[in-house]
Structure formats: C-alpha cells, structure tokens
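**Q** With the input below, show me the fold.
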Amino acid sequence: MASTLQQQHKALLDNAIKQRDNAIKQVELFDTIIASLSPEGKEVETKKTDDKKTPLQKLTKQLEEQQSKLTKLNEKIAGGKSKIPDKDEENKTKLEETISETQIKISDLIAKESAPKPEKKGKAPKTEAKAEAKKHIPKITLPMTKKLKDAFETVEAPWDEKYKKEFVDSVNGLSEEDFAAYGLEGHMSKFANMHAPSAASGGGCGGGPSPKSLTVAELVKLNKNLKQVCPGVFQIKTTGEMVTGPEEDADEEFEDKDHDDVTYTVGQTTKRVYKPLDGSPDEFVGYWGVGEW
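**A** Here you go, the predicted model:
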C-alpha cells in the first residue's frame, strides 16, 4: 500500500515538473517574439503619430530642427572648432536659405488657412458667419502672445497687455493681399516697430529702428522675400526685419545703365543706383539687382 502511494506521489511530482518546464519555455518564446516585434511596433507608432500632425505642425517641426542645426553650427564656428571652415560657412549659408524657404512656406500656409472659404451654393449667407470668415486671427493664442512679446523685446519696446487686442484688430483690418504680403511674425515685428522707442527718431525711412546693413549679394539672395519700404530700404516678409545695402563709397567709380528707357548712374562697388536730376544732386533710388532693379 505504501509503495503504491509513493509511486502515485512520484508520478504527480514528475507531471508538475514537466508542466513547469513547458510554462518556462512558453514564456521564453513569448519574450523572443515581443523583442523581435518591439522596434517595428515603435516605428509604426511613431509613423502614426507623425501622420496625425497637420502640414503646419510638420513645417514648424522642420523649422525647429533647421534652426537647432544652425545654432549648433554657429557655436562650432564661433568656438573655432571647424576642421573645414569654408565647408562650414557654405553649410551655414545653405541652412539659412533653407530656413528662409521654410518660413515662407509657413507664412503662405497660414495665409491660405486664414483665407475665407467659399460659401456653398443654395444657402443664404449669414452676416455673422461672413464677418467671422474675414478675420485673419479669430483669437490670439498663448504661443502667438509669446511671439508678439518677443518681437517687442527685440526692438526694446515696452510691453502692455492692451497690445494683444490692438494687434489682432490691426491685422484683421488688413485686406487679403496686405495680410498675405508678410508672414504672421512679419506683421508682429512691423507692429512692434511702431511702438519702439526709436520710432520717432527717423530710423528706417521715417520710423522704427535703423535698418540692418547687408551686402548687395545678401540682398539678392533674399530678393523674393523682400518688400521695399522706401528707396534702398526693405523689409523681410517672413521676419519683419528692416534691411538695407551698402553706404556711399566716395572712391568708387560709376557707370551708366538703362532701365525703363531712363539712364541711371550705378556704383560699380556698392551697386547704388542714382537718378540724374537737372540742377539738383542725383537722387538715390535703390540697389542694382535688388527689387525693381
């Protein structure tokens, strides 16, 4: 009797050990499958997350990455860590051009999304709906407020909370053409310049800070992104920054060039364009190769 009980006990123990070993093998197999699928799963999850982003969010992310690369490259150049300085300078110029193109895309997309949508036929238009559709900025958000404050800080203009409403009112009062002429940040910079301490000092064609001086080659690169404010002074559409070209060079030589059946005098070094006037000093009208020239 005792021998039979021992045999039964041994059989139960062997069966339990066998079940345990099978369970361990199943767990190991499951872990192996999970490990092989995890990278793909993460990739799919990341792809799904990116697919959910709007075109504006995607462009904004691209801009942030480009600006981050430019910041690191500037730090590398400034710190004297460039192994090939000429190549780094070339990459810097390309990055700046790419950033400018991305900013233009963002500006165009904002203008497109802000434009009123055509009304469906067969329905009577509602006055309130029409008025709402014409607003370029229905409501100023926290990110917009931060960028507007940054624009004021850039030109050292004192900030006041009332400027949020004034800015929204001023932008919503623009025509579609005038609104599309600048990016949103360009309008912010332009608005901030109006409240800058130096606005009454005559800087930049009668108002605002003095424009930043660039070479003619730099102005030519920005040509599509420039809006002329007055002769020789331009505003960058995407940023609102005021820029100009080289100052007069008393030692440079001049040559005559025709434009629209009128002969102008052009500086060979500065590319400054002058319109000859009878009995008066020649009038400065811009830079050859920039804007209408």
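**Q** any idea which residue sits dead centre in this structure?
**A** Q103 (3.2 Å; Cα atoms, centre = their mean).
**Q** In a helix, that residue, correct?
**A** Yes. Counting by DSSP: H, G, I helix; E, B strand; the rest coil, Q103 falls inside a helix.
**Q** Next, count neighbours for W293.
**A** The local packing of W293 (other Cβ atoms under 10 Å) involves 14 other residues. In this view, the C-beta of every residue, glycine as well, is placed from N, C-alpha and C.
**Q** Sorry, wrong one. I was asking about E161.
**A** E161, neighbours per other Cβ under 10 Å, totals 7.
**Q** circling back to that earlier point, what about the nearest residue to the residue nearest to the centre of the chain once chain neighbours are set aside, distance to E283?
**A** Nearest residue to Q103, sequence neighbours excluded (Cβ to Cβ, 6 or more residues apart in numbering): T238, at 3.9 Å. Taking Cβ to Cβ, to the nearest Å as the measure, T238 falls 30 Å from E283.
**Q** Which of the two has more residues huddled nearby?
**A** T238 (24 against 12).
**Q** How about the contacts made by the more buried one?
**A** S100, Q103, I104, I106, S107, Y182, G183, E185, G186, N225 (Cβ atoms under 8 Å, 6 or more residues apart in numbering).
**Q** Regarding it, what are the backbone dihedral angles?
**A** phi -80, psi -20 (degrees, to the nearest 10).
**Q** just F284 next, same as before
**A** Torsion angles, degrees, to the nearest 10, at F284: phi -70, psi 130.
**Q** Can you show me the helices along the stretch 101-250 of the chain?
**A** 127-133, 142-154, 162-172, 176-180, 184-194, 203-206, 216-221 (DSSP state H, counting those that start in this stretch).
**Q** Buried residues of the fourth one, list them for me.
**A** Okay, so that is helix 176-180. F179, A180 (16 or more other Cβ atoms under 10 Å).
**Q** which helices and strands sit right next to that helix?
**A** helix 85-114 (3 or more Cβ pairs under 8 Å, 6 or more residues apart in numbering; DSSP states H and E).
**Q** Could you pull out the buried residues of the helix it packs on?
**A** Applying 16+ other Cβ under 10 Å to helix 85-114 flags 88, 91-92, 95-96, 99-100, 102-103, 105-107, 109-111, 114 as buried.
**Q** which one of the residues you listed is nearest V155?
**A** Q103 (18.8 Å; Cβ to Cβ).
**Q** Might one say that that closest one is in contact with G183?
**A** Yes. Applying Cβ atoms under 8 Å as the test, Q103 and G183 come out as touching, 6.3 Å apart.
**Q** between those two, what contacts are shared?
**A** T238, T239.
**Q** Which one of the buried residues of helix 85-114 is nearest to M194?
**A** Nearest member of the buried residues of helix 85-114 to M194, counting by Cβ to Cβ, is S107, at 20.0 Å.
**Q** Contacts only, for the closest one.
**A** If you count contacts by Cβ under 8 Å, 6+ apart, then S107 has Y182, G183, L184, E185, G186, K237, T238 around it.
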